[in-house]
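Enquirer: let's see this in three dimensions:
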Amino acid sequence: STLSSSSAASDVYKRQINAEYGRVRETMASETIKPDFLQRYNRQYYVIGERAMNQMSKSHVFISGIGGLGVEIAKNVVLAGVHRVTLHDTKTASIIDLATQYYVTEKDIGQNRAEVSAPRVRELNPYVNVDFSTHSLDGDLSFLSQYQCVVLTETPLSIRIKVNDYCHSRNICFITADTFGVFCQAFCDFGTNFEIYDKTGEDGCAFLSSISREDDKTVITTIRNHMLDNDCIVK
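Expert: Numbers count the residues shown, from 1 in each chain. Prediction:
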């Protein structure tokens, strides 16, 4: 009974993989995602899925506070392949930034951190538009309406609350994060339309798929599934 269930689960898993490959081919044919885009980010595509890649390829991201944490976020977002990234800062680079902000040099001290970092971040991925802004977040926030995601670091609580209220009312994804030595904090508000597909957030369980012999070695193959309570396999 156990081997029969494992075999059935294995067949289901194989059908899911084949179906995913089929969807990729159909997507390329319909040019929802262009073939050259898929080729650039093919590994990422199979990890996060078609829907997420579609959204990312069209997204404009605003990142404020280009210190050590902000520049690391910017680097990862640009490498992920979003459409456009705006680096925002009102602070100038200081000697302290040389310890954590790897795109700031001694020659940049006294200059705006976003301005000096933008050209270097842009070099990471020429397919992503990277610009910078020094707009104040303490006044009119209507300029944020052009973005799908706003990220704040090194920002006073009053400004974070104000920007979060603005983003929440317009279903703009909002993230704020900071680091303090060995401590850190993060807060996310993805709006009222945010959909959760991973209901539990738990890792899937591995189960035995097959046992075979290769030369003088025994090969045990396992498959990780993400089934939830009360889910069932229909043969």
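Enquirer: can we go C-alpha only for contacts and neighbour counts from here?
Expert: Fine.
Enquirer: how about the helices in the chain?
Expert: 2-30, 35-40, 42-48, 50-57, 68-80, 113-122, 157-169 (DSSP state H).
Enquirer: mean pLDDT for the ones you listed: which is lowest?
Expert: Note on the helices of the chain: lowest mean pLDDT is at helix 2-30, with a mean of 51.
Enquirer: and the residue lying closest to Tyr102 once chain neighbours are set aside, how far from Gly181?
Expert: Spatial nearest neighbour of Tyr102, excluding adjacent residues (C-alpha to C-alpha, 6 or more residues apart in numbering): Gly68 at 7.4 Å. Distance of Gly68 to Gly181, given as C-alpha to C-alpha, to the nearest Å: 12 Å.
Enquirer: okay, these two: which has more neighbours?
Expert: Using other C-alpha atoms under 10 Å, the more surrounded residue of Gly68 and Gly181 is Gly68, with 20 against 6.
Enquirer: close enough to count as contact, that one and Thr100?
Expert: Yes. Between Gly68 and Thr100 there is a contact under C-alpha atoms under 8 Å: 4.5 Å.
Enquirer: how deep is Glu106 tucked in, by neighbour count?
Expert: 11.
Enquirer: which residues touch it?
Expert: Ile95, Leu98 (C-alpha atoms under 8 Å, 6 or more residues apart in numbering).
Enquirer: so how far is Ile96 from it?
Expert: Glu106 is 10 Å from Ile96, by C-alpha to C-alpha.
Enquirer: quick one: common contacting residues for those two?
Expert: By C-alpha under 8 Å, 6+ apart, no residue touches both Glu106 and Ile96.
Enquirer: Cys173 touches Cys149, doesn't it?
Expert: Yes. Under the criterion of C-alpha under 8 Å, Cys173 makes contact with Cys149 at 4.5 Å.
Enquirer: what about Ala93, neighbour count?
Expert: 23.
Enquirer: grab the nearest non-local neighbour of it.
Expert: Counting by C-alpha to C-alpha, 6+ apart, the residue nearest Ala93 is Ile109, at 4.7 Å.
Enquirer: try Leu87
Expert: Phe132 (4.5 Å).
Enquirer: hang on, that neighbour packs against Glu115?
Expert: Yes. Here Phe132 reaches Glu115: they are 5.9 Å apart, a contact under C-alpha under 8 Å.
Enquirer: with just CA atoms, put stretch 67-86 into CSV.
Expert: Provided in CSV are the C-alpha atoms of stretch 67-86 (Å, rounded to 0.1, in the frame of the first residue of the first chain):
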residue,chain,number,x,y,z
GLY,A,67,23.2,52.7,3.1
GLY,A,68,24.6,49.3,3.8
LEU,A,69,21.2,47.6,3.9
GLY,A,70,19.6,49.7,1.1
VAL,A,71,22.4,49.0,-1.4
GLU,A,72,22.2,45.3,-0.7
ILE,A,73,18.4,45.3,-1.3
ALA,A,74,19.0,47.3,-4.5
LYS,A,75,21.6,44.9,-5.7
ASN,A,76,19.3,41.9,-5.3
VAL,A,77,16.3,43.5,-6.8
VAL,A,78,18.3,44.6,-9.9
LEU,A,79,19.8,41.2,-10.4
ALA,A,80,16.3,39.7,-10.1
GLY,A,81,15.2,41.5,-13.3
VAL,A,82,12.5,44.0,-12.4
HIS,A,83,11.6,46.6,-15.0
ARG,A,84,12.9,49.7,-13.2
VAL,A,85,14.5,50.6,-9.8
THR,A,86,14.7,54.1,-8.3
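Enquirer: just give me the neighbour total for Gly139.
Expert: Around Gly139 there are 9 residues (other C-alpha under 10 Å).
Enquirer: what pLDDT does the model give the nearest residue in space to Asp131 that is not next to it in sequence?
Expert: Using C-alpha to C-alpha, 6+ apart and skipping residues adjacent in sequence, the residue nearest Asp131 is Thr86, 4.9 Å away. Per-residue confidence (pLDDT) for Thr86: 97.
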